[in-house]
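# Sequence first, then the predicted structure, then my questions.
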Amino acid sequence: MVEVNPHFVEIAFKVGEETYTEHVTSSKFVKTDEAAASFRDVGGKMHKRQGKPGRALQVNLVQDWTATGLARMFWANEGDVVEVSYVAPEGTFSANVVLIAPDPGGEGGAFAQDQLSLPVDGDVTFTPTTAGV
């Protein structure tokens, strides 16, 4: 039997060399659309070939509009492609993502937050730590 070592979400969230862990309430790489090609042959039979799905980084952030805030950085650099790293004890997931600015505001009497889906430009890579091998 193979022993299970479940992943406990304890991460650092980095954009380039800057760490924004305290600005992020959750993040994960998610599948987007299923890439598929299909055609109907002359006999009417449908053929489908499944491809590799796309990915996006789903990130929930607290809106900090000060000079060092992640929300402000996304706002000022919307459309730019940047490297983002999800650093876990077992290793680091990295990808280039397209920045999307958050929608300012939120519910009254609560911290302003937003959920963004940042498209991945290319592939997500995983580099295991020595301990996570």
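Sure, I can see it.
# and the gap between the residue positioned nearest the centre of the chain and residue 80?
Centroid-nearest residue in the chain, with CA atoms, centre = their mean: residue 57, separated by 1.5 Å. Note on residue 57: its distance to residue 80, by CB to CB, to the nearest Å, is 14 Å. C-beta coordinates here come from the backbone N, C-alpha and C atoms, glycine included.
# Same question for residue 107.
Separation of residue 107 from residue 80 (CB to CB) stands at 29 Å.
# And the two? Which one has more around it.
With neighbours defined as other CB atoms under 10 Å, residue 107 and residue 80 compare such that residue 80 has more, 11 against 8.
# Show the pLDDT at the more buried one.
Model confidence at residue 80, given as pLDDT, is 93.
# count of neighbours near the residue lying closest to residue 120 once chain neighbours are set aside?
Of all residues beyond its chain neighbours, the one nearest residue 120 is residue 55 (4.2 Å), with distances taken as CB to CB, 6 or more residues apart in numbering. Residue 55 has 19 neighbours, counted by other CB under 10 Å.
# which residues sit in contact with residue 55?
Neighbouring residues of residue 55 by CB atoms under 8 Å, 6 or more residues apart in numbering: 29, 30, 31, 32, 95, 120, 123, 124.
# Least confident of the residues you listed?
Note: of the contacts of residue 55, the lowest pLDDT belongs to residue 32, at 86.
# Residue 58 versus that one, what's the distance?
Distance of residue 32 to residue 58, computed by CB to CB: 10 Å.
# secondary structure class for the residue located most distally from the centre of the chain?
No residue in the chain sits farther from the centre than residue 43, which is 42.8 Å out by CA atoms, centre = their mean. State at residue 43, reduced to three classes by DSSP: H, G, I helix; E, B strand; the rest coil: coil.
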